[in-house]
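K.L.:
model this:
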Amino acid sequence: MIKYYIVDAFTSQPFGGNPAGVVLLDTGDFPSERLMLQIAAELRFSETAFVKRLSTQEFGIRYFTPKAEVDVCGHATIAAFFLLHNTGQAATGHCICRTRAGNLRVEANSQVMMQMPKTRIVTTITNHAEIYNALGISGYRPTLPVQVVYAGLSDIMLPLPDVATLQLLSPNMAAIANICERHEAVSIHPFAMANDGYTAHVRNFAPLYGIPEESATGTANTSLAHYLKHHNHIAANAECAFIQGEAMERPSVIATKTLPDGTLLMGGTATIVAEGELRV
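P.N.:
Numbering: from 1, shown residues only. All right, here's what the predicted structure looks like:
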């Protein structure tokens, strides 16, 4: 028997935010990659985190979509450490999360904030008309560049003129998957800024990894925070709040903040929705 949980990340309300599968493993090695992929496909969430407890302050985590393993996943990490903290399996405060993207610091209290891998601009996409066309937009000339940004995963930051345009997108999933594959990106991450208390409204499309649309993405929003700071659209020490999932009726709020040493933290709260056992 393998214990699993369903945890909604970036929300305090059940059935909001972004659901993740969290599988708690006994001590020892991770199961085979084939079995973890089968479990992720069976649970059918965008990501499932497989958690191996090393101590009350140190955990190894691997992440699987229904189609492939990924190096790190923000919302699944928030879900996993919220669960570990609220079931008494993780110490309050400082913990270490060992991932394929490196060892990350996690602060688990009333909310979970995790250290993100060092962010960077990967490349600028100058021929971006096809990307806008893939989302049902023609003729738009952005004032900010379209760029691939890395924060553990690479995502395409796509500026839009306003929130109304963002919510009325008509994504062509086959075209988006093709674009992401060619640019070695996990997703297209369109965003629009508004003077309403949120840093930006965002959506996220990752059909290449079996995720048509995701209601909250920690890594992509960390990349967006870096991108906006890099282009002087927000202050270098700004604390951000990105709202995502509105079009899916699963609103999520993803927070980021920068420590004095330049480390970016990302996180929020979560809620445990269900638990069960896998008979494998």
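K.L.:
identify the residues contacting the residue nearest the centre of the chain.
P.N.:
In the chain, the centroid-proximal residue (Cα atoms, centre = their mean) is residue 217; its distance is 2.6 Å. Residue 217 makes contacts with 18, 74, 75, 155, 187, 189, 202, 204, 244, 254, as judged by Cβ atoms under 8 Å, 6 or more residues apart in numbering. (Glycine included, C-beta is placed from N, CA and C.)
K.L.:
for it, give its distance to residue 279.
P.N.:
32 Å (Cβ to Cβ, to the nearest Å).
K.L.:
so which bits of stretch 224-233 are buried?
P.N.:
By neighbour count on 16 or more other Cβ atoms under 10 Å, the buried set for stretch 224-233 is 224, 225, 226, 227, 228, 229, 230.
K.L.:
TSV for those, including secondary structure and pLDDT?
P.N.:
Below are these laid out as TSV (DSSP: H, G, I helix; E, B strand; the rest coil; pLDDT from 0 to 100):
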residue	secondary structure	pLDDT
224	helix	97
225	helix	96
226	helix	95
227	helix	97
228	helix	97
229	helix	94
230	helix	95
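K.L.:
dump the residues you listed to TSV, plus distance to residue 129.
P.N.:
Formatted as TSV, the buried residues of stretch 224-233 follow (distance: Cβ to Cβ, whole Å):
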residue	distance to residue 129
224	21
225	26
226	25
227	20
228	23
229	27
230	23
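K.L.:
quick one: contacts for residue 5?
P.N.:
Contacts of residue 5 (Cβ under 8 Å, 6+ apart): 21, 22, 23, 24, 83, 272, 274, 275, 276.
K.L.:
now it: how far from residue 23?
P.N.:
8 Å.
K.L.:
please identify the helix or strand for the residue of the chain most remote from its centre.
P.N.:
The outermost residue of the chain relative to its centre, with distances by Cα atoms, centre = their mean, is residue 139 at 29.6 Å. According to DSSP states H and E, residue 139 maps onto no helix or strand at all.
K.L.:
helix, strand or coil for residue 61?
P.N.:
strand (DSSP: H, G, I helix; E, B strand; the rest coil).
K.L.:
near it, how many other residues are there?
P.N.:
24 (other Cβ atoms under 10 Å).
K.L.:
the one 10 residues further on now?
P.N.:
For residue 71, the tally of surrounding residues (other Cβ under 10 Å) stands at 15.
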